[in-house]
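[1] One predicted model, sequence on top.
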Amino acid sequence: MTYPPNVRPAPQHAPEQQPAPTAAVPAPPSHSVRALVTERLRAAATTEPGRLQIIGAVLALLVVAFGAVTAFEISDRAAAANDVVERSQPLSADAAGIYRSLADADAAAASGFLAGPQEPKAVHDQYVKDIDDASRLLVKAAANTDASTTSGHEITTLNKELPRYTGLIERARASNRQGLPLGGAYLRYANQKMSNELLPAAERLYTAETDRLDQDYHSARTWPFFSLGIGVIALAVLFWAQRRNYRRTNRVFNQGLLAATAAATVVLLWLAVGHTVARSDLAEANTHGQQSLDVLNRARIDSLKARSSENLTVVARGAVLTADGKNDKYETDYGTSMKALGEELSTAAKLAADTDDTEGGKPVADAVKAVTEWQGRHRTARKTDDAGDYDTALEQIIGSKNSTGQSFSRVDEALRKALAHEQSEFTRAAEDGRGALGGLPIGAAALAVLGAVAAIVGVNRRLSEFR
């Protein structure tokens, strides 16, 4: 076919092809892992073998959890009981020893000063021993105490102020040997440092360590309720599983489940009885030991403070008055300390009577008699001194016959014996309490593993009947 000029035929296009439809990609399943597990458990629970498998897993898990929680909780309480015996009570006793040594050093220094320029060797040796004991106990306490704690701060204060106190005592001695009246002023200043700085710091240290001991007592005696609860639940489920087995098979015993029940029962009884015994022994250590130790320590310290004030009354000879300016300060301090001593001895005697502790009550009774004698001799010495007979009054205070010093020595010796007895009572009871928990964590864990294995074996024997 011909076309006119300038005319071109329209181009021939192939028909447009549509893209082939893509095959639909199936969406991934929307089930989560938890939902999948739930579905499988639900499916398993529809058959008896599946239900048995679930029961076996639950029993094994409960018994193992019971053993693990028991091991954890009892380990914590055993550690607290061990701290009572090995750390907190010894530190509390050391803090009391620091307080007592400082108070005794102050009393010995005043006694030596009263004896004149030539201080008796026995008195001087006692003073040196007290200072050495206090220093040694401070080093020991510092090694076992965090410096940032309250106890650490008090130890720092004592270490700083003790050399200043001993320096003042040496100046008082030097002046006394030269016959200078300035010696009495140095001695009074040293006593003020002891009474206002050293002894309060030592008392705060003792209080802090005693509080830590109380915390350890509480931790060791707290009931393991979580362990007991899981144990009861584990036993209940084991009994239910055995009852279910009996009702479905008419078989009275499943040896595996029976062994698992026996293991869980042993752990539960061991836990309940062992912790009850530990609580009882620790309570006895606290009531019959630590409470008496606390009262006796304070009584001994008050007796030392009274003795120091009695000596300083003679040294000062009325030169130091109370804040109101009406009474002799040291005589007033003596009366305050003796009143506290009487109350503490009364409490100690009551504690001994309540616990029927005749061995501990005898030295307390001896101390009460010696205190009564001391007070009578003190009144005689004060009357003599007030009458102007200083030399006779001095002999009645520090003499070797019928003096207040002898009465004080009897009080101190009786209190020392009472403290030694109560310390041994505490140690015995606390160690018994610690021993009652010994072996329980490891034993509970081992029995729990055996019980879990026995439960699985028992369930598997039942499962074998379906094969």
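    Nice, thanks for sending it over.

[2] Select the longest helix from this structure.
    Ranked by number of residues, the top helix in the chain under DSSP state H is helix 48-83.

[3] Check the offset of the one helix or strand Val364 maps to from the chain's centre.
    Element membership of Val364 [criterion: DSSP states H and E] is helix 358-386. From the chain centre to the centre of helix 358-386 is a distance of 35 Å (CA atoms, centre = their mean, to the nearest Å).

[4] Show me which positions of it end up buried.
    Neighbour counts over helix 358-386 (16 or more other CB atoms under 10 Å) mark 360-361, 363-368, 370-371, 373-375, 377-378, 381-382, 384-385 as buried. C-beta: built from backbone N, CA, C; applies to glycine.

[5] following it, which helix or strand comes up?
    Per DSSP H and E, the first helix or strand lying C-terminal to helix 358-386 is helix 390-398.

[6] just checking, what packs against that following helix?
    helix 89-114, helix 291-316, helix 358-386, helix 404-436 (3 or more CB pairs under 8 Å, 6 or more residues apart in numbering; DSSP states H and E).

[7] and with 6 Å instead?
    helix 358-386 (3 or more CB pairs under 6 Å, 6 or more residues apart in numbering; DSSP states H and E).

[8] Read off the pLDDT value for Arg8.
    Listed pLDDT for Arg8 reads 53.

[9] my bad, should have said Gln242
    84.

[10] Name the residues of the helix or strand that contains it that are buried.
    Using DSSP H and E, Gln242 maps to helix 225-249. Going by neighbour count (16+ other CB under 10 Å), the buried part of helix 225-249 is Ser227, Leu228, Ile230, Gly231, Ala234, Leu235, Val237, Leu238, Ala241, Gln242, Asn245.

[11] I'd like those written out as TSV, with distance to Lys193 added.
    Output for the buried residues of helix 225-249, formatted as TSV (distance: CB to CB, whole Å):
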residue	distance to Lys193
Ser227	53
Leu228	55
Ile230	58
Gly231	59
Ala234	63
Leu235	65
Val237	69
Leu238	69
Ala241	74
Gln242	75
Asn245	80
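
[12] residue nearest the centroid of the chain?
    Leu213 (2.4 Å; CA atoms, centre = their mean).

[13] Just list the residues touching it, thanks.
    Contacts of Leu213 were listed using CB atoms under 6 Å, 6 or more residues apart in numbering, and they are Ser88, Gln89, Ser92.

[14] State the distance from Arg243 to Leu257.
    10 Å (CB to CB, to the nearest Å).

[15] by contact count, what packs against the helix or strand just after the helix holding Gln242?
    Helices and strands here follow DSSP H and E; after helix 225-249, the next one along the chain is helix 255-284. Judged by 3+ CB pairs under 6 Å, 6+ apart, helix 255-284 is in contact with helix 199-221, helix 225-249, helix 404-436, helix 440-463.

[16] Name the residues of helix 255-284 that come out as buried.
    Buried residues in helix 255-284, counted by 16+ other CB under 10 Å: 256-261, 263-265, 267-268, 270-271, 274-275, 278-279, 281-282, 284.

[17] distance between it and the chain's centre?
    25 Å.

[18] From the contact counts, what lies against the longest helix of the chain?
    So helix 48-83, by 3+ CB pairs under 6 Å, 6+ apart, packs with helix 199-221, helix 225-249, helix 404-436, helix 440-463.

[19] again, only this time at 10 Å
    Applying 3 or more CB pairs under 10 Å, 6 or more residues apart in numbering; DSSP states H and E, one finds that helix 48-83 makes contact with helix 33-44, helix 89-114, helix 199-221, helix 225-249, helix 255-284, helix 404-436, helix 440-463.

[20] looking at these, which is closest to Leu52?
    helix 440-463 (5.4 Å; CB to CB).

[21] Check the average confidence over that closest one, would you?
    pLDDT averaged over helix 440-463 gives 86.

[22] I'd like the numbering to begin with 53 instead of 1 from here.
    From this message on, residue numbering opens at 53, which makes the last subject helix 492-515.

[23] How far away from the center of its chain is it?
    For helix 492-515, the distance to the chain centre is 36 Å (CA atoms, centre = their mean).

[24] Now do it against helix 307-336, angle only.
    160 degrees (axes from the mean of the first three to the mean of the last three CA atoms, to 10 degrees).

[25] looking at it, Leu154 is touching Leu356, isn't it?
    Yes. Counting by CB atoms under 10 Å, Leu356 is a contact partner of Leu154 at 8.8 Å.

[26] which residues do these two both contact?
    Shared contacts of Leu154 and Leu356 (CB atoms under 10 Å, 6 or more residues apart in numbering): Asp182, Leu251.

[27] Not including adjacent chain positions, what is the nearest residue to Ser271?
    Sequence neighbours aside, Ala132 is the residue nearest to Ser271 in space, at 3.7 Å (criterion: CB to CB, 6 or more residues apart in numbering).

[28] and that neighbour, what does it touch?
    Contacts for Ala132 (CB under 10 Å, 6+ apart) come out as Ser140, Gln267, Asp268, Tyr269, His270, Ser271, Ala272, Arg273, Thr274, Leu334, Arg486, Leu489.

[29] what does Gly457 give?
    If a contact means CB under 10 Å, 6+ apart, then Gly457 has 159, 163, 166, 175, 359, 362-363, 426, 429, 448-451 as its contacts.
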